[in-house]
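Participant: coordinates for the following, if possible.
(chains A and B)
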2 protein chains.
Amino acid sequence: MTRSRLTPEREGELFGAVLDLLREVGYDALTMDAIAARTRSSKATLYRQWGGKPELVAKALRELSPHNSSEVDTGSLRGDFHAMVCRGDDAEMARDTALLRGLFQAIHTHPDLHRALREQLVEPDSGELQTVVRRAVERGEIREDNPAKDFLPHMLLGVFFAREVVDVRPPDIEFLRQYVDAVVLPALEA
Amino acid sequence: MTRSRLTPEREGELFGAVLDLLREVGYDALTMDAIAARTRSSKATLYRQWGGKPELVAKALRELSPHNSSEVDTGSLRGDFHAMVCRGDDAEMARDTALLRGLFQAIHTHPDLHRALREQLVEPDSGELQTVVRRAVERGEIREDNPAKDFLPHMLLGVFFAREVVDVRPPDIEFLRQYVDAVVLPALEA
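Facilitator: I've put the predicted structure just below:
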C-alpha cells in the first residue's frame, strides 16, 4: 500500500465522505468523480493513494469501523466482547447495517470489492478476534480445541443480517449484548 | 386464505416456475404476467388463488423450503437439527442462498413482501423450531429458561449470509452440521 501523504484529519474527512456517498447512492452508482467532487480532491490523488474504488471503499469502512478490537483488553472474555459490541451507539449501528445491506448485494457482482473487503475488514477483524480469544485461552476461559472459535466471524456477522430479516430492525447494543451472553459466550466456553 | 382448487401436482409445478423466474430475473423484475405465461395460467386465477405477487412468492418459497421441520422427530435435539439441515442437498442449498440474497435486498423496498415472508416462512419456521426445542426441554436436554432459545432463528438464518461474506461460498451440508455441533447445540445446552 502507498504510504499516505494526507493528514489523519483530512483522511478521516475523506473516508467519512466516501461512506456518506455510499449510503446515499449505493456502491454501483458511486463514482470516483463524485468522491473527488465531494472531497475537493483530484481523481489522480484518489487513484494514487488507494488504487481504485473497491480499495477506497474498503479502507473507509475499515477506518470508520466501530468493531476494531485491537485496543480491547478488559481481562475477561465477556468484558472484551461487551466492549467491542458497545463501540459506537445504536444510531451508528443502524447506519452500519444499511451499509452492510448494500454491500452484501454488491459483492456478488464485484469480486474486486469482495476481495478488498476481505483484506481490509474480514481478515483483520478475524485476526483481532483471534487475539481476544487467544488471551481467553491463556486465562483458561476457553478450551484450546473449542470448535466454536472457527465460527466466531459467522456468529458476529450473521446476526446483523438475521436481526433484520427476523425482527425487521437493525440490531441495537442491548440486543447484541444479550446475543453475546446467550449464544457466543456459551458456545465458546462449552 | 382461499382454498386451492388446483391439484397438488399442478400447484407444485406453479411454485417451481415462480422460483425459477425469481432466480432468473429477481423480485423487482418478476411480473404476474410472466408467471401466468410461464405456467399457462390466467392472471385472474393467480390473483384469486394467492392475492398478489408477494403472497405467491412467499407461498412458493414456503412450499419448496427444505427447512420444513414439522415431521422431524428423531428422539434427540442433535438428531433433529442434523435431520433438518440435511434436507435437500448442497446444490439445492446454493440455489436457496441465491434466492435469499435477492430477497434480502427486496424486503427493504417492499414491506408487503417482507410481511408475506414473515407470515409464510419466518413465523412458521420459528413455530416448528419451538416444537423441536420443546421436546428437547421435555427430554431434559435443554433448560426451560435457556436464553439461547430466543436466538435460534437468528443463529440458523444468519449463518447463510455470514458464510457467503466470510468464506465466499454458500453453506453446504457439512459446514452446517459442524456449525450446529460447534455453536447451536452448545449454546442451547449450556
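
Participant: domain assignment for chain A?
Facilitator: A:1-57, A:65-189 (automatic domain parsing).

Participant: nearest residue to the residue in chain A that chain B sits nearest to in space, please, no chain neighbours.
Facilitator: Closest to chain B within chain A is residue A:158: 2.5 Å, counting by Cβ to the nearest Cβ. All C-beta atoms are positioned from the backbone trio N, CA, C, and that covers glycine. Distances taken as Cβ to Cβ, 6 or more residues apart in numbering or on different chains place residue B:158 nearest to residue A:158, at 2.5 Å, with adjacent residues excluded.

Participant: can you give me how far stretch A:133-142 is from the chain middle?
Facilitator: Centre-to-centre, stretch A:133-142 and its host chain are 24 Å apart (Cα atoms, centre = their mean, to the nearest Å).

Participant: just give me the neighbour total for the closest residue to residue A:141 other than its chain neighbours.
Facilitator: Take residue A:141 and drop its neighbours on the chain: the residue closest to it by Cβ to Cβ, 6+ apart is residue A:77, 4.9 Å away. A total of 21 residues lie near residue A:77 under the criterion other Cβ atoms under 10 Å in any protein chain shown.

Participant: residues touching the residue of chain A closest to chain B, list them.
Facilitator: B:154, B:155, B:157, B:158, B:159, B:160, B:161, B:162 (Cβ atoms under 8 Å, 6 or more residues apart in numbering or on different chains).

Participant: among those residues, which one lies nearest to residue A:187?
Facilitator: residue B:155 (9.3 Å; Cβ to Cβ).

Participant: wait, what's in contact with the closest one?
Facilitator: A:155, A:158, A:162, A:183, B:148, B:183, B:184, B:187.

Participant: quick check: it vs residue A:163, distance?
Facilitator: 11 Å (Cβ to Cβ, to the nearest Å).

Participant: show me where chain A has its strands.
Facilitator: Assigned strands in chain A: none (criterion: DSSP state E).

Participant: who in it is up against chain B?
Facilitator: Residues of chain A lying near chain B by Cβ under 8 Å from any Cβ of the partner chain: A:101, A:104-105, A:107-108, A:114, A:117-118, A:122, A:126, A:146-148, A:150-151, A:153-155, A:157-166, A:168, A:178-179, A:181-184, A:186-187, A:189-190.

Participant: tabulate the domains of chain A in CSV, adding columns for mean pLDDT.
Facilitator: Shown next, in CSV, are the domains of chain A (pLDDT from 0 to 100):
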stretch, mean pLDDT
domain A:1-57, 88
domain A:65-189, 88
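
Participant: so what's the backbone phi/psi at the most far-flung residue of chain A relative to its centre?
Facilitator: No residue in chain A sits farther from the centre than residue A:140, which is 28.2 Å out by Cα atoms, centre = their mean. With angles defined as degrees, to the nearest 10, residue A:140 sits at phi 80, psi 10.

Participant: for it, list the residues it contacts.
Facilitator: Residue A:140 touches nothing, counting by Cβ under 8 Å, 6+ apart.

Participant: and residue A:170, how far is that from residue B:116?
Facilitator: Distance from residue A:170 to residue B:116, counting by Cβ to Cβ: 21 Å.

Participant: which one's more surrounded, those two?
Facilitator: residue B:116 (24 against 19).

Participant: elements contacting the longest helix seen in chain A?
Facilitator: Secondary structure of chain A read by DSSP state H shows that its longest helix is helix A:8-29. Helix A:8-29 makes packing contacts with helix A:32-39, helix A:53-64, helix A:90-109 when contacts are defined by 3 or more Cβ pairs under 8 Å, 6 or more residues apart in numbering or on different chains; DSSP states H and E.
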